[in-house]
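**Student:** the sequence and its predicted three-dimensional model are supplied below.
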Amino acid sequence: FPTRRSSDLINNAGTIEPLARIADADMRQWARAMEVNLNGPIYVMHYAAPHLPRGGVVINITSGAAERAQTGRSAYAASKAGLMIASRVFAVEESEARGIRVIGFSPGYVDTDMNTLNRVHRMGNAGNINVADLRPPAEAAQLIAWLTGPDAAHLNGTIVHARDPDIRRGAGVATLPESR
């Protein structure tokens, strides 16, 4: 599902590795996760901001993992938590100054290679994903496309979750039963 305009920026960077306890993690991999998941999107926002027109939209793909402590997922969770606050800050800074909307989007469990890797390397409660809860990538794309449109303007500066029934209704996506 394409966004409505070429002035929309979707920051969808993510690596879940290293999947290790903080004390056991390879710190080079930990730093790489920060570069990919946090610094990369911030660099893109920094360099794109002067070129986005008034009314441009930035969607940063965040994660519910940023809101839950789970064994072995520290780099991913910390970097996505950083992206959540960076999204809010960028919205405060750029909404008035340049008329740019910024929304953090937590897509939930999407059926991707990253979630397959997560399930294979279970540590503690991390990776205990019910396969029935995995959503197709096209659904996340439809939600993102809606978030770039005018009907989602009121969500500027927020973090939205793909399971939110109001978001799903707004995007014309079927609501989900309660999580298993």
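**Tutor:** Yep, that arrived.
**Student:** check the secondary structure at residue 33 for me.
**Tutor:** helix (DSSP: H, G, I helix; E, B strand; the rest coil).
**Student:** how about the closest residue to it other than its chain neighbours, what does it touch?
**Tutor:** Ranked by C-beta to C-beta, 6 or more residues apart in numbering and with sequence neighbours excluded, the top spatial neighbour of residue 33 is residue 75, at 3.7 Å. Placement of C-beta: from N, CA and C, glycine included. Listed by C-beta atoms under 8 Å, 6 or more residues apart in numbering, the contact set of residue 75 reads 17, 18, 25, 29, 30, 33, 34, 37.
**Student:** in what helix or strand does residue 75 lie?
**Tutor:** helix 74-98 (DSSP states H and E).
**Student:** with only the CA atoms kept, save stretch 92-108 in CSV.
**Tutor:** The C-alpha trace of stretch 92-108 is given here as CSV (Å, rounded to 0.1, in the frame of the first residue of the first chain):
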residue,chain,number,x,y,z
VAL,A,92,7.4,18.8,19.1
GLU,A,93,10.4,20.4,17.3
GLU,A,94,9.1,20.1,13.7
SER,A,95,5.3,20.4,13.8
GLU,A,96,5.4,24.1,14.5
ALA,A,97,8.7,24.9,12.8
ARG,A,98,8.2,23.1,9.5
GLY,A,99,4.6,21.7,9.6
ILE,A,100,5.9,18.1,9.7
ARG,A,101,3.8,15.4,11.4
VAL,A,102,5.6,12.6,13.3
ILE,A,103,4.0,9.4,14.5
GLY,A,104,5.7,6.4,16.1
PHE,A,105,4.0,3.1,15.0
SER,A,106,4.3,-0.1,16.9
PRO,A,107,3.2,-2.8,14.4
GLY,A,108,2.9,-5.6,16.8
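**Student:** hmm, who's touching it?
**Tutor:** 45, 49, 52-64, 66, 83-84, 87-88, 90-91, 133, 135, 140, 143-144, 147, 152-153, 155-163.
**Student:** sitting in helices, which of those do you find?
**Tutor:** Those of these mapping onto helices are 45, 83, 84, 87, 88, 90, 91, 140, 143, 144, 147, per DSSP state H.
**Student:** cool, thanks, talk later.
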